[in-house]
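*Asks:* the following comprises the amino acid sequence and a computationally predicted model.
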Amino acid sequence: MFKKRGRGDADIPMSSLADIAFLLLVFFLVVTTIDVDTGIGLVLPPIPDDTTPPPPVRERNLMNILVNAQGMVLINEQPAAIPTVRERVKAFIDNHGVDPDLSESPDDAIVSIKTDRRTPYNVYIDMLDEVMGAYEELRHQASMDRFGVPYSSLEQGSERRAEIQEMYPKKISIAEPDEG
């Protein structure tokens, strides 16, 4: 009489699955942001000529900062805490010849930073931030005194910004680490 038909297997349409997977892949590639480490932004000086001797530097105009393997900061061979580095660097740079133990002028002041190969990285970065912060504070104050606006609001490449940078040029020497 009636023959019972067996149910067929249920089919899932797979033809558009590849298209959907591809679209999802493209979507996530487009909306995903990738953080790029920028590192420490420093402008390197030009490569020195082998025939030209280095310019003479008076000992008075050189501030030596050493960060040893234990993370201890020494400024001119005297121990210093990292929070005091900024004020000492500012006093050294902005001396204008008043104190005979500090630099003769901001243009002559050189901050030399030396580390050990085993120096803790975070201590080195904190100390470098304090040195850079000292220059930024000096430039900010000079900009406020001269133009009445913060240094950070001066346009890149403007004459005013160049004038402040000329007043307080960043002269930072990063020496090769000791083998230690």
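*Replies:* Great, that's in hand.
*Asks:* what sits against residue 81?
*Replies:* For residue 81, the residues meeting the contact criterion (C-beta atoms under 8 Å, 6 or more residues apart in numbering) are residue 73. Just so you know, the C-beta spots here come from the backbone N, C-alpha and C atoms, and that holds for glycine as well.
*Asks:* ok, residue 124 next?
*Replies:* With contacts defined as C-beta under 8 Å, 6+ apart, residue 124 is in contact with 67, 115.
*Asks:* where does it sit: helix, strand or coil?
*Replies:* Recorded secondary structure, residue 124: helix (DSSP: H, G, I helix; E, B strand; the rest coil).
*Asks:* that one and residue 90: what is the separation?
*Replies:* From residue 124 across to residue 90, the span is 20 Å (C-beta to C-beta, to the nearest Å).
*Asks:* distance check, the residue positioned nearest the centre of the chain against residue 172.
*Replies:* The chain has residue 40 as the residue nearest its centroid, 3.3 Å off, counting by C-alpha atoms, centre = their mean. The span separating residue 40 from residue 172 equals 11 Å under the rule C-beta to C-beta.
*Asks:* in which helix or strand would I find the closest residue to the residue nearest to the centre of the chain other than its chain neighbours?
*Replies:* Leaving out its chain neighbours, the residue that sits closest to residue 40 by C-beta to C-beta, 6 or more residues apart in numbering is residue 128, at 7.0 Å. In this structure, residue 128 is located in helix 121-147 according to DSSP states H and E.
*Asks:* and that helix, average pLDDT?
*Replies:* Predicted confidence along helix 121-147 averages 93 (mean pLDDT).
*Asks:* run the chain-centre distance for that helix.
*Replies:* The offset between the C-alpha centroid of helix 121-147 and the centroid of the whole chain comes to 11 Å, using C-alpha atoms, centre = their mean, to the nearest Å.
*Asks:* before we move on, which element is residue 112 in?
*Replies:* Short version: residue 112 belongs to strand 110-115, going by DSSP H and E.
*Asks:* thought residue 119 was touching residue 73?
*Replies:* No. Under the contact definition of C-beta atoms under 8 Å, residue 119 does not touch residue 73, with a separation of 9.9 Å.
*Asks:* just to be sure, residue 64 is in a helix?
*Replies:* No. For residue 64, which was evaluated using three-state DSSP, the result is strand, with no helix membership.
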